[in-house]
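Trainee: The sequence isn't on hand, but the structure is:
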């Protein structure tokens, strides 16, 4: 990770570090509790509105990412949102090789 910034983890509130990736549109977190994950800035803002239980589920999901994958927490793409407008945040495992890491 380049130029780490300290911040409370948006999933578990532990002390964590992140660096900006994807032209500063995402944060790439390293949390001692949740492990590594990426979250878009907008999804992070919306996550504040979610329950503690929802964030705990994402924390567990991040920690359990399959080898070679990383949890990404993003806004849904237009097609997903059009099919189900109640989706406000999309969390899924993505191959690390397909993610912006800088």
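Mentor: Nice, thanks for sending it over. This is a predicted model, so every value here is computed, not measured.
Trainee: and the spatially most central residue of the chain, what is it in contact with?
Mentor: Taking Cα atoms, centre = their mean, the centroid of the chain lies closest to residue 39, which sits 3.0 Å from it. Applying Cβ atoms under 8 Å, 6 or more residues apart in numbering to residue 39 gives the contacts 10, 26, 27, 29, 47, 72, 73, 74. Every C-beta, even on glycine, is put in place using the N, C-alpha and C of the backbone.
Trainee: what's the closest non-adjacent residue to the third one?
Mentor: It stands for residue 27. Leaving aside its chain neighbours, residue 27 sits nearest to residue 18 (4.2 Å; criterion: Cβ to Cβ, 6 or more residues apart in numbering).
Trainee: just checking, the one you found is part of a strand?
Mentor: Yes. With DSSP: H, G, I helix; E, B strand; the rest coil as the criterion, residue 18 is part of a strand.
Trainee: Surely the residue nearest to the centre of the chain is within a helix?
Mentor: No. Residue 39 is assigned strand when assessed by three-state DSSP, not a helix.
Trainee: Isn't the residue nearest to residue 27 up against residue 26?
Mentor: No. In this structure, residue 18 is not within contact of residue 26 by Cβ atoms under 8 Å, at 9.1 Å.
Trainee: So which bits of the helix or strand where residue 43 lies are buried?
Mentor: Here residue 43, judged by DSSP states H and E, is contained in helix 41-47. Residues of helix 41-47 classed as buried by neighbour count (16 or more other Cβ atoms under 10 Å): 43, 44, 47.
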